[in-house]
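[1] I would like to see how this sequence folds:
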Amino acid sequence: MPDFITPDPPAEPCPEVSLTAGIALFNQGQYYDCHDVLEAIWMEAESMEKPFYQGILQVAVGLYHLGNQNWRGATILLGEGVNRLRPFEPSYGGVAVADLVDLGWAWLVALQHTGIDRVADLAQSLAQTQQTGMPQVVTVADQSMTLPVPVIGMTEPTAA
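    Down below sits the predicted model:
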């Protein structure tokens, strides 16, 4: 009787590789795809790390909603994402969390101050930051605000 070789089961994806892939998608403005990648990590993460992954994916989906001019979805998810990430500041798992919190907060404040009537203006500013790689200056209630380019920065890996 021939010997059959049983193939090894597929290796589990390494969370660091998937996190890197998710961050690359975020940095390319592919927020929904980023969500899909990070959701898989979030579902398998240890309970103490779940808020870290969930926070990143909520910021991503908040920006996705902003791009689709969904003011309510954008404000809710940016707020929840920022709040979930705060305990991981300044950095965690190689991610510059403080910078991510700051960028999420800046877009959230702009949304709250401009209101639903000007969500299209902010969606356009988001698109311009992605196209140019440059922050956008918007006027909100007679004050200038600088909206950062939505990019997740990396640091030296710490606990994750």
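[2] what ranges do the helices span in the chain?
    Listed in chain order, the helices of the chain (DSSP state H) span 15-27, 31-44, 50-67, 71-85, 97-114, 119-132.
[3] tell me the most buried of the ones you listed?
    helix 50-67 (a mean of 24; mean count of other C-beta atoms under 10 Å). In short, each C-beta sits where N, CA and C put it, glycine included.
[4] quick one: low-confidence ranges for this structure?
    The chain contains residues with pLDDT under 70 at 1-17, 157-160.
[5] contact partners for the spatially most central residue of it?
    Central residue check for the chain by C-alpha atoms, centre = their mean: the C-alpha nearest the mean position is that of residue 60, 3.4 Å away. For residue 60, the contact set (C-beta atoms under 8 Å, 6 or more residues apart in numbering) comprises 22, 26, 31, 32, 34, 35, 38, 81.
[6] give the burial count for residue 156, as a bare number.
    Summarising burial for residue 156: neighbours were counted as other C-beta atoms under 10 Å, giving 6.
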